[in-house]
Every structure is written in C-alpha cells, then in structure tokens.
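J.: what's the 3D shape of this:
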Amino acid sequence: MKRILIMFLFLSACVLTVHAGEQKTSETDPPPEPPKPAVRKAGERMVKTVDGIEYAFRWCPAGEFLMGSPEDEPGRIDDETQHRVTLTRGFWMLETEVTQAMWESVMGTTLEEQAQKMLHDDTEYDWGGVFGKKTLRDLFGFQRDEDPSKILVGAGADRPMYYVSWTECEEFCRKLSSKLGMTVSLPTEAQWEYACRAG
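T.: Model (predicted):
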C-alpha cells in the first residue's frame, strides 16, 4: 500500500453516570430511561488539534460491502476475488494521508531525514505477497549512494509522508494515540477498502 493512512478505532459506547439524589422518585415510579447514544452519520467529521496541527477524521459506520476487485478491473491480481465482508463496528479514519507536517510533529523527522535513513537502512522487512522480504531502499528501487535530494518528490508540509516502514507507521500511531488520548491504528485491509469502495 503506497499511501499510508491512519485511522482511529474505538468503541461507540454510551457511558452513563448516575448520581444519587439528583432525581427524586417514588418507589412506584418506573426507572428513568437511559439516554440513547448519539447516532453518527456516515462521513461525519471530527477534528482534533495536536501541536497546532489539525487531524480531521471521518466516521465510517458499521456495514457490509463487497470486498475485492471485479474480474475486469484494470490492475486486478488473483488474490482480489470479490466476497462479502461485514464490519461490526464503526471507525474514524483520517480524511487525508498522514502529512509531512503531522509526521514531523509526532516522530521528529523530516521527509529528507527519512529518505536519508531509508537509503542507509539494511533492515529487511517482510512486505508479503509479490514483494517478499526487502529493505525499504530495495522496495523503492534506490541505491545506497543515491542523492536524497534527487528522490524527494512532492515535499511540503501538507503533502503525504513517504519513505517510512510499517514499523515506523505503527510507532507513529502509538505516539499519536498518546498525544490525542485516544487509540489510533493503521486501518485493516477491510476497513481501508470499505472506506474507499463503500463510501
């Protein structure tokens, strides 16, 4: 997955607090109805600000969709057979890719620093599928002695972050979770496809 999106995943639960003495009732009165949880609408927007940077999320309600690609879709590969998938919980997903400003704010590294690190990192990651085990450098097709300034395409605070490993993305999610006070994780393949294909 070339574009890395992050998303929010937490239970939509209503927390009820009852304080003794707030409401007087007789022993024959029926107990009051608990408040109903708010119903979120698909695409509802939530914005959180951390270190002066806005993180805008969109609500993706629970639902069922057809996952995979139609046989006639350009670029389809064999493991994309269509099948029904049900997501039992809704989730929040960042409405953009993680930007370079977001990454630098949370991780403390710039795109150029990430490129430099990527060129000299000999760690092999298991990318699965057709990619197998490769360094990030090999995955992108670069040489160790490549000039980092020549491989920086689309640099800018509001542009998507890249040259990052899965492990670094997981660390980004953990650190952002701490800053937001909410759990942030990478989307599952089903969540990603649901958000893209099912609206």
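J.: from Ser149, how far out is the residue nearest to Ala155 when sequence neighbours are not counted?
T.: Spatially, and ignoring its direct neighbours in sequence, Ala155 is nearest to Leu111 (5.4 Å; Cβ to Cβ, 6 or more residues apart in numbering). Where C-beta positions appear, they are placed from N, C-alpha and C, glycine not excepted. Noted for Leu111: a distance of 11 Å to Ser149, by Cβ to Cβ, to the nearest Å.
J.: more neighbours, the two?
T.: Leu111 (24 against 10; other Cβ atoms under 10 Å).
J.: residues in contact with the more buried one?
T.: Leu111 is in contact with Gln100, Trp103, Leu152, Ala155, Met161, Tyr162, Tyr163, counting by Cβ atoms under 8 Å, 6 or more residues apart in numbering.
J.: kindly recompute the last result at 7 Å.
T.: Neighbour list for Leu111: Gln100, Leu152, Ala155, Met161, Tyr163 [criterion: Cβ atoms under 7 Å, 6 or more residues apart in numbering].
J.: just Ala62 next, same as before
T.: Leu87, Thr88, Arg89, Gly90.
J.: could you tell me the model confidence score at the residue lying closest to the first one once chain neighbours are set aside?
T.: Counting by Cβ to Cβ, 6+ apart, the nearest residue to Leu87 once its immediate chain neighbours are dropped is Ala62, at 5.3 Å. We note a pLDDT of 96 for Ala62 in this prediction.
J.: with Arg3 instead?
T.: 32.
J.: picking that back up, now do the phi/psi pair for the residue nearest to Ala155.
T.: Main-chain dihedrals, Leu111, degrees, to the nearest 10: phi -60, psi -40.
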